[in-house]
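In: I'll drop the sequence and a predicted model, then ask my questions.
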Amino acid sequence: MSEATDTPAHEPAPAPDTAAAHPAQRRRRAWHPEADAEAAALLRRLAATCWLIGGRHDELIAAIRRNEHALRSAVARLGWVLIIERDLVRLRKSPPPRPQAWAAQGPSPAACSWFFLLLAAAESMPPRTALGHLVTQAHAAAAEAGLPTHHDIAERRAILAALHMLDDRGVVERLDGDLDRYLHDEQAPVLLAVHHTRLAYVIANPGTLDPAADPHAWLEQAHREPDAARRMRRALVDDTCVHAALLDDAEAQWLSQRVRGDDGGPLAGAFGLVLERRAEGAAFVVPDEAFRHFHELGPMPFPAPGTIAHAALLLLDHAALHGTTDNAPGPGWRGLTQEAVIEALTAFGANNASGRGGWSTEYIQDPLLLAGKVGDLLTGTHLARLTHTAPQTDEKTISMWWLAPTTGRWAEEGTALPKTARTRVPRGTPTPKHPRIPLQQGLFSETEAEENTEERTA
């Protein structure tokens, strides 16, 4: 962890004037995080939950105050900003590494629109206000912006979703009443508390451009990160893994030279994670003892109980046996056409239609719906890429599912082994000296780990 990397070999220390003339020859100081189990647990919690509110998370806020220096040092490596106030902790993160995959699991566009319309209305509201008053002002803000309003059930659902998002963040909190009553009554008696000081912390990356004048340029500025090292650090912390086949030259160089040095390894240690490096990529792995519940790992844990997760596991096994490697994104990737995926899921549904643990009837009767849910799960966890190739002729577009090498981690887990009779081992039979080695060891496929690919220095 204390090793300095990506630096030239040791040379005698130059004179002060020589050092000024050749700044590129200076050694880059390695970052040494403060190793602490409590700080690591807090960093993992903040990465998954960016808002901690007084009255709900008082113990966590107190722990963050105790470890403030270590937390700020770690998040600074990612370009994130940690805001600590008396009754609020807010981690201002960068945009998701893969916005399209996040958007598939995020709130609807209508809910997002009403989220910001309610924010605009809340700015002029008193600290205590009625729900109906806030929504009326939000409708006025929509009219001022030229947005249509319909006052129908679909719009009320979007407004209700936005109200829950504001309440979760502690920006507009419910004091009395039931928010869900608004779905059927626009004048539901609900008292809200508006925290005006927290309104400024909602947008994590405000930028310097006007989103109303040029929204596309504003989004591009918010997502732009020219530093490849920082992009990779963020991806390792905020995503499932990093695939070497999907990196540009600068990112691939960082993965080869610096992932175990003062960038990757120490950062993993600060979060209480384990760096796993393979030929196909790298990942920060959560130790089993570091969590108790699936929700602590993020919004999309896998494997997990349920029809969709089980179908995904079975599909991974099917791709390992029947997937193609032609035109794959990189080594270890397996491809299935959309038709092959639906055909496989249809067969899986027929085999799991009844009995204890049987699949949901809704998905068995509609394999296309199940395929969409499985695709969202696998792409959201960065285990698959869905591509659409338009042929040069008038033939229809070819949709391919590319299963990543990381899917080899769960080899043979999706297929239930047939029940066989137990056999007794004679007493004279010696015990094998070496246990059977499973096919998969680690996060990626069975490819040997790259132990010495980084450029090390004396």
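Out: Alright, I've got the coordinates. Because the structure is predicted, anything quoted here is derived from the model rather than measured. Residues are numbered from 1 along each chain as shown.
In: Show me the helices in the stretch 251-400 of the chain, by range?
Out: For the stretch 251-400 of the chain, helices defined by DSSP state H, counting those that start in this stretch occupy the ranges 264-270, 307-322, 338-351, 361-365, 367-380.
In: where's the residue lying closest to residue 340 once chain neighbours are set aside relative to residue 385, distance?
Out: Distance criterion CB to CB, 6 or more residues apart in numbering; nearest residue to residue 340, sequence neighbours excluded, is residue 322 at 7.4 Å. For glycine as for every other residue, the C-beta is placed from the backbone atoms N, C-alpha and C. From residue 322 over to residue 385 the distance is 18 Å, taken as CB to CB, to the nearest Å.
In: When those two are compared, which one has more neighbours?
Out: Higher neighbour count among residue 322 and residue 385: residue 385, with 19 against 11, using other CB atoms under 10 Å.
In: Give me the three-state assignment for residue 165.
Out: helix (DSSP: H, G, I helix; E, B strand; the rest coil).
In: no no, residue 146
Out: Once three-state DSSP is applied, residue 146 turns out coil.
In: What's the local residue count around it?
Out: By other CB under 10 Å, the residues close to residue 146 number 6.
In: Look up the pLDDT of it for me, please.
Out: pLDDT, the model's per-residue confidence, is 87 for residue 146.
In: ok, it - contacts?
Out: When the contact criterion is CB atoms under 8 Å, 6 or more residues apart in numbering, residue 146 has no partners at all.
In: And for residue 134?
Out: Taking CB under 8 Å, 6+ apart as the criterion, residue 134 is in contact with 118, 121, 122, 125, 172, 192, 194.
In: Tell me the one among the residues you listed nearest to residue 57.
Out: The closest of the contacts of residue 134 to residue 57 turns out to be residue 172 (CB to CB; 17.6 Å).
In: In this structure that closest one contacts residue 194, no?
Out: Yes. Shown here, residue 172 and residue 194 form a contact pair, counting by CB atoms under 8 Å, at 5.5 Å.
In: Compare those two (neighbour count), which wins?
Out: Neighbours per residue, other CB under 10 Å: of residue 172 and residue 194, the larger number sits with residue 172, 24 against 20.
In: residue contacts, that one?
Out: Residues counted as contacts of residue 172 (CB under 8 Å, 6+ apart) are 118, 122, 134, 163, 166, 192, 193, 194, 195.
In: what about it, distance to residue 127?
Out: Counting by CB to CB, the gap from residue 172 to residue 127 is 11 Å.
In: what does residue 56 give?
Out: According to CB to CB, residue 56 and residue 127 sit 19 Å apart.
In: the more surrounded of the two?
Out: Relative neighbour count places residue 56 above the other of residue 56 and residue 127, with 13 against 9, counting by other CB under 10 Å.
In: Spell out the secondary structure type for that one.
Out: coil.
In: ditto for residue 95
Out: On the three-state scheme (three-state DSSP), residue 95 is labelled coil.
In: mind checking pLDDT for the closest residue to it other than its chain neighbours?
Out: What sits nearest to residue 95 in space, not counting adjacent residues and going by CB to CB, 6+ apart, is residue 223, at 5.1 Å. Per-residue confidence for residue 223 comes out at a pLDDT of 79.
In: neighbours around the residue nearest to residue 284 when sequence neighbours are not counted, how many?
Out: Counting by CB to CB, 6+ apart, residue 273 is the residue found nearest to residue 284 once chain neighbours are left out, at 4.0 Å. Taking other CB under 10 Å as the criterion, the count of residues near residue 273 is 20.
In: Surely residue 273 and residue 285 touch.
Out: Yes. Under the criterion of CB under 8 Å, residue 273 is in contact with residue 285, at a separation of 6.2 Å.
In: and residue 372, how far is that from residue 301?
Out: Distance, residue 372 to residue 301, by CB to CB: 19 Å.
In: wait, doesn't the residue nearest to residue 95 sit right on residue 99?
Out: Yes. Contact status for residue 223 versus residue 99: in contact at 6.9 Å, counting by CB under 8 Å.
In: For the residue nearest to residue 106 when sequence neighbours are not counted, what are phi and psi?
Out: Excluding its sequence neighbours, the residue lying closest to residue 106 (CB to CB, 6+ apart) is residue 112, at 7.9 Å. Note on residue 112: its backbone torsions stand at phi -60, psi -40 [degrees, to the nearest 10].
In: so what's residue 89 bridging to?
Out: Beta-bridge partners recorded for residue 89 (DSSP bridges): residue 52, residue 84.
In: what's the burial count for it?
Out: Count around residue 89 with other CB under 10 Å applied: 25.
In: Then residue 36?
Out: The burial count assigned to residue 36 is 16, neighbours taken as other CB under 10 Å.
In: Now do the same for it: its pLDDT.
Out: In this prediction, residue 36 has a pLDDT value of 83.
In: Could you check how far the residue nearest to it when sequence neighbours are not counted is from residue 42?
Out: Distances taken as CB to CB, 6+ apart put residue 70 closest to residue 36, at 6.1 Å, once the chain neighbours are dropped. Plainly put, residue 70 is 9 Å away from residue 42 if you go by CB to CB.
In: Which residue is the nearest non-sequential neighbour of the residue nearest the centre of the chain?
Out: The central residue of the chain, meaning the one whose C-alpha is nearest the mean C-alpha position (CA atoms, centre = their mean), is residue 239 at 4.2 Å. The shortest distance from residue 239 to any residue other than its chain neighbours is 4.7 Å, reached at residue 97 (CB to CB, 6+ apart).
In: Was I right to think the one you found contacts residue 233?
Out: No. Judged on CB under 8 Å, residue 97 makes no contact with residue 233 at a distance of 10.5 Å.
In: Per-residue pLDDT of the closest residue to residue 275 other than its chain neighbours, please?
Out: In space, residue 275 comes closest to residue 268 once its chain neighbours are excluded; the distance is 4.3 Å by CB to CB, 6+ apart. Confidence per residue is given as pLDDT, and for residue 268 that number is 90.
In: returning to that earlier point: residue 396: which of the contacts of residue 134 is nearest?
Out: Of all the contacts of residue 134, residue 396 sits closest to residue 118, with 43.3 Å by CB to CB.
In: give me every residue that touches that closest one.
Out: The neighbours of residue 118, taking CB under 8 Å, 6+ apart as the test, are 134, 135, 138, 159, 162, 163, 166, 172.
In: Now it: which helix or strand?
Out: Using DSSP states H and E, residue 118 sits in helix 109-122.
In: Report the next helix or strand after that helix in sequence order.
Out: Helices and strands here follow DSSP H and E; after helix 109-122, the next one along the chain is strand 128-130.
In: tell me the mean pLDDT for that next one?
Out: For strand 128-130, mean pLDDT is 95.
In: try stretch 187-200
Out: 92.
In: Check stretch 389-397 too.
Out: Model confidence over stretch 389-397 averages 68 on the pLDDT scale.
In: and the end-to-end length of it?
Out: Across stretch 389-397, the straight-line distance between its terminal residues is 6 Å, by CA to CA, to the nearest Å.
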